[in-house]
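K.L.:
missing the sequence, but the structure's below:
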C-alpha cells in the first residue's frame, strides 16, 4: 500500500481535534471556572433539566387539581385556591420529583460549587435562583411551610440584586397568609408595593430627556407579571382579613395587570361578589358582565350570567334566564336558574310567581343540597312574613334536612323549624278534626259523593307528580348525554381521584347499594323461582295487583270519619285541645295576639263543657286586658264559672298570692300526716284526711290526700275489695296524676286477689334494698323528646332559686343501657329529700312543663343498682311501696 501524506495529515488532524474537544468539554463541566463556555453549559442544564422540567411537573399537577376542584359559588371565591391536605396527597409524586430534579441541579451546576451555600458570596449561573424558587414553591404546595420558608429566605438574602428576591418575598408573604400571620404578610406586601412605586417613578424619569439620574435604591427591575401577583396577594390578604374595601382596590389593580384572560374573568367575578356584598349593585352588574366572557370557565360564565340578572334588577334579562332554562345542557342547573328567576320576581314584588319558581328550584335540585336548602329557606321566609306559619315550618323543616355543615345560618333554620313544629301539629290536628266533623255532619249520599271527588283529586295530584318526575328525569338524561358527548376524552376511570370522588358522591346520595338490577326503583319487580304464578287464580292476582296499585278507597277514607257519638266526642276533645294549644303558642312564642284570639274564639263558639272553654275565655281576657273587649270575657267567666280560680281572681286580685300561701300550708299539713302514716298511725291519718277528701276539692294536694286516705283505709281493713271505690275516685277526679296511675295498679292487684298491704308481703324479684336509711338522692326522669341538658338546666335553676334549704349538686347521669336522667345530690335523710320533692311538684314558676316529670327518691346503694339495670318502671313500684 502506497503511503499517502495527505491522508496521514487528515487522520492526525482529526485525532488532535477530537482530543481537544474532549479536553474542552471536560474543562467546560467544571463549576469553578467562570468562562462563557462554562456558563453556557451549566445554565442550559440548569434551565431545562431542572427548572423547566420541575415547573412542568408542578404545572400539570396543579392543573389536574384545578380541573377536578369544584368551586363553591354560594360563598366568595378564594383568590388563591390552595390544595388541602387531602388534595395534596395525589400531587406528592410530582412535587417530590420536582424537588429532586432542582436539588440535583443546584448541587451539580451551581457556579461555584454549592456544597456549602453559607460560604458562597457569588453565583454565576443565572438559573440557579430559579431552581431555588421552584424547590420552595414545591414545598409550599406540599404544605411543608417551614422548608419552603427556609428556601425563600435564602433566595431573598443571597440573590438580593436579582428580581428573584421580589418573588421570594412574595412567596414568604403567601406562606404567612396561610399560617394566619396576617400582620407579617402585610409588612412584606407594603414593602413590595413601595419598591414597585419607586420603579414607576424611575421609568417616568427615564422618559423625560433632561432627567437621567439613577436611583440606587430602586433595586432590580420588577416585571409586570410580578406586580400582578403582588396585587393579587394583597387582595387575598385583605379578603381573609375581611377588609373588603382594600380587597376591592387590590383586585382592581390585579385585573389591570392580569396577563391571562381566563384568570381575569375569575378575578372580575370575585370583585363582583364583593361589590354585591357591599350592596354596590351597579358596580357588581358591570363586573359580572366582564366575568361573562368567552375566555371564562363554563362555571364562572354560568354563575356570572345568573348573578348579573339578579343584581341588575333589569327585567329585560329575565328573557336571558328563560333562554338558559330552555338550553338542554343546563338541565342539571335548572334549580339555580329558577332560583335566580324567583329573586328577580321578588324584587318586582311578585310573590306568587316567585314562590312558583322557588318550588320548581327545589323540585329540580337533585344532588345540589345547598341549593335545595336555600330554595326551601326562601319559601319559608316568604310564608313566615305572610304569617302562614304552617307552610313556613314545613319549608324550614325541609331546608334543615338538606343543610350542610358550612351553611351560613343553618342553626337558625333548624331552631325555627323546631319552634314551629308544635304549633303546626296543633293547627293541622284542629283542621283535620274540624274537616272530618263537617264530613260526618253530611248526609250519607253527600258524604259518599264528597269522598269520591276527594279520591279523584288525590289520584289527579299523584298523576301530575309522576308526570313532573318523568319530565325532570328526561331532562337530566338529555343533559348527561350532552355532557358525556362534550367530555368523551375525560374518562373517569382513568383518573383515580375523580373515580374516588364519584364513588363517595354516590354513597352520599344513595347509601350502600348492592349491585342488582333496578336498584334505583323503590318498588322493583323481584322474580322468585320458588313462587309459581299459576298457583293463584285470576281473582286473587287481580285483587293483589289492585291493592298494590291503589291503597286508597272510600272505605279507607271513611275510617277516619267520626260517625258514632263516642268517636265524635273524642274528635271534639282533640279539636278543643289542638285549638287551645295553637292559641297559646301563637300568643307566647310568636306574639301574634290576633291569631291566638281566633283560636280561642273558635273554642268558645263550640259551646262545649270542656276545661279549655274556661281557659280560652281567660286567655281572651288577657289578650284584650287593656281594651273594651276584656269586660265581655270577664262577664262570661263570672257567669259561667263563678267558683273558678279565674272568677275568684276577678273578685280578689290577690287571690293567686293567697292561693300560693294556702298551697304552702296544705303542703306542710300533708307532710305532717305523711310522717304520721310512716309511723303507722293509720286511724289518725284516716280521720284527718277524710274531711279534706269530703269537703276540700280545691286543696293543692288533693290527689295526694286521696291516695293517703285510701292507703290508711287499706291498712285498717282486711277486705281489700272495700278499697276499690276510694281508688276509683282518685282515677275519676285526677285521671292524669301519678296517684291515679298508682290507684289503677292497686285495683288490678286487688282484682287478682293479692294485697300489697299484707304484713310481710314482699316482691321476691325486687333487686333493690329496703334499707333506705342514710344519704338519699333525687332522680328526675326525662319525658319523650326532652334533652337531658335542658332538664338539668331547669332543675339547677329551680334548686338555686326555689330550694334554699340547702345546696345540692345537679348533674346528668347515664345508665348502662344509655338512658339519661338527672341526679340531684345529696340529702342527709329521706325526710329532707321529700321536702325537695314536694317543693319540686309546686315549682311550676321555675320548671314550667318539667314540673310534671317523674321524680323519685333513691338511696346510694339502690342508685348503683338502677344504673346497672336501667329499669325505671321497677324502681317506681319500689319507690311507692317503700317511700
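P.N.:
All right, it came through fine. This is a predicted model, so every value here is computed, not measured.
K.L.:
what's near enough to touch the closest residue to residue 345 other than its chain neighbours?
P.N.:
Leaving aside its sequence neighbours, residue 345 sits nearest to residue 354 (CB to CB, 6 or more residues apart in numbering; 4.0 Å). In short, each C-beta sits where N, CA and C put it, glycine included. Going by CB atoms under 8 Å, 6 or more residues apart in numbering, residue 354 touches 342-343, 345-346, 382.
K.L.:
and if you look at residue 644?
P.N.:
Contacts of residue 644 (CB under 8 Å, 6+ apart): 614, 637.
K.L.:
mind listing the helices for the stretch 551-700 of the chain?
P.N.:
Taking DSSP state H, counting those that start in this stretch as the criterion, the stretch 551-700 of the chain carries its helices at 554-558, 565-588, 593-606, 611-623, 629-640, 645-651, 655-678, 682-695.
K.L.:
so which elements touch the fourth one?
P.N.:
Helix 611-623 sits against helix 565-588, helix 593-606, helix 629-640, helix 645-651, with contacts defined as 3 or more CB pairs under 8 Å, 6 or more residues apart in numbering; DSSP states H and E.
K.L.:
may I see the buried residues of it?
P.N.:
By neighbour count on 16 or more other CB atoms under 10 Å, the buried set for helix 611-623 is 612-621, 623.
K.L.:
closest to residue 712 out of those residues?
P.N.:
Relative to residue 712, the closest of the buried residues of helix 611-623 is residue 614; by CB to CB it sits at 33.6 Å.
K.L.:
list the buried residues of stretch 161-171.
P.N.:
For stretch 161-171, burial by neighbour count (16+ other CB under 10 Å) applies to 162, 164-171.
K.L.:
and stretch 391-405, by the same measure?
P.N.:
When burial is assessed from 16+ other CB under 10 Å, stretch 391-405 yields the following buried residues: 391-400, 402-403.
K.L.:
could you do stretch 838-850 as well?
P.N.:
Across stretch 838-850, burial judged by 16+ other CB under 10 Å covers 838-843, 846-847, 850.
K.L.:
residues in contact with stretch 78-90?
P.N.:
Contacts of stretch 78-90 with the rest of the structure, by CB under 8 Å, 6+ apart, involve 61, 64-66, 69, 91, 95, 141-143, 174, 178, 232-233, 235-236, 239, 251, 267, 270, 496-497.
K.L.:
let me have the helices and strands packed on helix 611-623 in JSON lines, extended by distance to residue 813 and mean pLDDT.
P.N.:
Output for those, formatted as JSON lines (distance: least, CB to CB, whole Å; pLDDT from 0 to 100):
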{"stretch": "helix 565-588", "distance to residue 813": "32", "mean pLDDT": "92"}
{"stretch": "helix 593-606", "distance to residue 813": "39", "mean pLDDT": "93"}
{"stretch": "helix 629-640", "distance to residue 813": "45", "mean pLDDT": "90"}
{"stretch": "helix 645-651", "distance to residue 813": "38", "mean pLDDT": "86"}
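K.L.:
select, out of those, the one closest to residue 419.
P.N.:
Taking CB to CB, helix 565-588 is the member of these nearest to residue 419, at 8.8 Å.
K.L.:
now tell me what touches the closest one from outside.
P.N.:
Helix 565-588 is contacted by residues 422-423, 426-427, 429-430, 433-434, 436-437, 440, 562, 592-593, 595-600, 602-603, 606, 608, 610, 612-613, 615-616, 619, 623 when judged by CB under 8 Å, 6+ apart.
K.L.:
about what we covered before: any idea which of the buried residues of stretch 161-171 is least confident?
P.N.:
Lowest pLDDT among those: residue 162, with 87.
K.L.:
where does that one fall, phi/psi-wise?
P.N.:
Phi and psi for residue 162, reported as degrees, to the nearest 10, are phi -120, psi 150.
K.L.:
what about residue 804, distance to residue 40?
P.N.:
Separation of residue 804 from residue 40 (CB to CB, to the nearest Å): 94 Å.
K.L.:
next one: residue 72
P.N.:
From residue 72 to residue 40 the distance is 50 Å (CB to CB).
K.L.:
if we can go back for a sec, PyMOL command for the buried members of the contacts of stretch 78-90?
P.N.:
Those of the contacts of stretch 78-90 that count as buried under 16+ other CB under 10 Å are selected in PyMOL with:
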select buried, resi 61+64+65+91+95+141+142+174+232+233+235+236+239+251+267+270+497
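K.L.:
mind checking which of the contacts of stretch 78-90 are in helices?
P.N.:
61, 64-66, 95, 141, 174, 178, 232-233, 235-236, 239, 251, 267, 270, 496-497 (DSSP state H).
K.L.:
name the residues of the helix or strand harbouring residue 337 that are buried.
P.N.:
Applying DSSP states H and E as the criterion places residue 337 in helix 334-348. If you call a residue buried by 16+ other CB under 10 Å, then helix 334-348 has these buried ones: 334-346.
K.L.:
pLDDT for those - can I get that in JSON lines?
P.N.:
Below are the buried residues of helix 334-348 laid out as JSON lines (pLDDT from 0 to 100):
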{"residue": "334", "pLDDT": "89"}
{"residue": "335", "pLDDT": "90"}
{"residue": "336", "pLDDT": "91"}
{"residue": "337", "pLDDT": "91"}
{"residue": "338", "pLDDT": "92"}
{"residue": "339", "pLDDT": "92"}
{"residue": "340", "pLDDT": "92"}
{"residue": "341", "pLDDT": "92"}
{"residue": "342", "pLDDT": "92"}
{"residue": "343", "pLDDT": "91"}
{"residue": "344", "pLDDT": "91"}
{"residue": "345", "pLDDT": "90"}
{"residue": "346", "pLDDT": "90"}
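K.L.:
out of these, flag the one nearest to residue 243.
P.N.:
Out of these, the member with the shortest distance to residue 243 (by CB to CB) is residue 343, at 27.9 Å.
K.L.:
my read is that the closest one contacts residue 310, right?
P.N.:
Yes: between residue 343 and residue 310 there is a contact at 5.0 Å, judged by CB atoms under 8 Å.
K.L.:
direction included, what does the longest strand along the chain pair against?
P.N.:
Taking DSSP state E as the criterion, the chain has its longest strand at strand 820-827. Note on strand 820-827: by DSSP bridges, its sheet partners are strand 776-781 (antiparallel), strand 809-814 (antiparallel).
K.L.:
heading C-terminal from it, find the next helix or strand.
P.N.:
Once strand 820-827 ends, the next helix or strand along the chain (criterion: DSSP H and E) is helix 830-841.
K.L.:
who touches the next helix or strand after that next one?
P.N.:
Per DSSP H and E, the first helix or strand lying C-terminal to helix 830-841 is helix 844-847. Residues outside helix 844-847 that contact it (CB under 8 Å, 6+ apart) are 794-795, 797-798, 801-802, 840, 851.
K.L.:
ok, now stretch 165-176?
P.N.:
So stretch 165-176 is contacted by 80, 133, 136-137, 140, 145, 148-149, 152-153, 155-156, 159, 182, 184-185, 188-189, 191-192, 195, 219-220, 222, 226, 229-230, 233, 236-237 (CB under 8 Å, 6+ apart).
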